[in-house]
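> A structural model of the following input is requested.
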Amino acid sequence: MDQDDDADHLSPASSASRAASAPGASSASRAPDNVSGAPGQDGETPSREAEALAAVMRTVRTMVQPGGCAWHGAQTHESLTPFLVEETAEFIDAVERELPSNEVAGELGDVLYQVLFHAAIAERDGEGYDLARVAEGLDEKLVARHPHVFGDRGYMSVEELHAEWERLKEDAAGEERGSRDPLEGIPAGMPTLARAAKVVERLKRARLVDPSAGESYPDDPLAGSIGPDEQRMAENGIGDAMLALVVRANAAGVDPDRALRLAVDRFTARVTHGD
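I've put the predicted structure just below:
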């Protein structure tokens with residue numbers, strides 16, 4: 001990680017070990033001691049989880065508060081955004097490379113560190129929420145969106161769940177059933193390729209496109225060579241085709257990221273508005 005020049009500041013594990021001796025730790029603001037959860041596979045109890053989370057939160061809070069670490073004290077939500085993206089990417093990389101579990105756990109800890117960091121900043125700056133508020137809100141949302149688990153809805157298939165979640169989101173927002181735009185809530189700041197995949201998936205769920213049908217995207221430049229069964233094309237084939245397009249974009253002096261953004265916008269307008 002590259003967040004500052006002191007590597008120790010960036011490790012939740014090493015930070016936790018210093019919590020008791022960190023300046024001001026004993027007088028830090030309230031820690032999330034009410035965090036609880038189900039026992040893990042290794043038999044750890046909810047109290048162990050709560051204690052561990054409370055300890056690392058105290059450490060992060062101490063570094064962020066006045067009198068702590070100067071670098072941490074100068075950070076804002078905006079300045080940390082690139083690091084949240086970076087740490088998430090490193091965790092994904094560890095999973096996809098099937099690294100040893102301790103390395104995956106370390107990368108996941110770095111993602112957790114970002115969550116704690118943002119919560120500590122919000123608490124320090126009086127933004128109206130802290131880690132407890134974040135956790136409580138998340139728990140309430142998870143329970144509300146899973147009535148088949150925590151209520152009496154009974155078993156639901158994956159397809160039924162997608163439809164149910166959309167209805168629950170509409171109810172929570174006070175919207176009329178079926179009124180929600182299928183693309184609502186997709187962040188504009190998502191990586192372009194990930195956003196393109198999200199747009200297509202949302203439009204598929206709304207039954208506005210059928211990616212498995214050859215005619216779903218008549219302007220597909222690869223349709224002629226791949227045919228109507230392009231979804232069965234091997235993963236490496238798709239990757240090679242995408243890489244070839246990036247190479248061609250480079251030769252033509254075209255920004256492939258911008259080209260894809262514009263293509264997604266045209267595709268969305270055509271499907272949703274008939275443009």
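> The closest residue to residue 104 other than its chain neighbours: which element?
The spatial neighbour of residue 104 that comes closest, neighbours along the chain excluded (C-beta to C-beta, 6 or more residues apart in numbering), is residue 94 at 4.8 Å. Where you see a C-beta, it was placed from the backbone N, CA and C, and this is true even at glycine. Counting by DSSP states H and E, the element that carries residue 94 is helix 77-96.
> check contacts around the residue nearest to residue 104.
Residues counted as contacts of residue 94 (C-beta atoms under 8 Å, 6 or more residues apart in numbering) are 103, 104, 107.
> Could you tell me which of those residues are located in helices?
By the criterion of DSSP state H, membership of the contacts of residue 94 in helices covers 103, 104, 107.
> Can you say which of these are buried?
104, 107 (16 or more other C-beta atoms under 10 Å).
> Can I get the ones in helices among the contacts of residue 94 in CSV including pLDDT and distance to residue 200?
Conversion of the ones in helices among the contacts of residue 94 to CSV gives the following (pLDDT from 0 to 100; distance: C-beta to C-beta, whole Å):
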residue, pLDDT, distance to residue 200
103, 97, 33
104, 97, 29
107, 97, 29
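> Would you convert the ones in helices among the contacts of residue 94 into CSV that also reports distance to residue 257?
Supplementary listing: the ones in helices among the contacts of residue 94 in CSV, determined by distance: C-beta to C-beta, whole Å:
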residue, distance to residue 257
103, 30
104, 29
107, 25
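> And the ones in helices among the contacts of residue 94, which is closest to residue 123?
For the ones in helices among the contacts of residue 94, the minimum distance to residue 123 (C-beta to C-beta) is 25.2 Å, reached by residue 107.
> Surely the closest one touches residue 90?
Yes: here residue 107 lies in contact with residue 90, judged by C-beta atoms under 8 Å, at a distance of 5.2 Å.
> If we ignore the residues flanking it in sequence, what's nearest residue 91?
Nearest residue to residue 91, sequence neighbours excluded (C-beta to C-beta, 6+ apart): residue 107, at 4.1 Å.
> Nearest residue to the most centrally placed residue in the chain in space, ignoring adjacent ones along the chain?
For the chain, the residue lying nearest the average C-alpha position, counting by C-alpha atoms, centre = their mean, turns out to be residue 88 (7.7 Å). Taking C-beta to C-beta, 6+ apart, and ignoring the residues beside it in sequence, residue 88 has residue 111 as its nearest neighbour in space, at 5.9 Å.
> right, and the one you found touches residue 87 too?
Yes: judged on C-beta under 8 Å, residue 111 makes contact with residue 87 at a distance of 5.1 Å.
> In terms of packing, which of the two has more residues around it?
Neighbours were tallied for residue 111 and for residue 87 using other C-beta atoms under 10 Å; the higher tally belongs to residue 87 (23 against 16).
> okay, that one: pLDDT?
In the prediction, the pLDDT value recorded for residue 87 is 95.
> Make sure it is actually in contact with residue 114.
Yes: proximity of residue 87 to residue 114 meets the contact threshold set by C-beta under 8 Å, at 5.5 Å.
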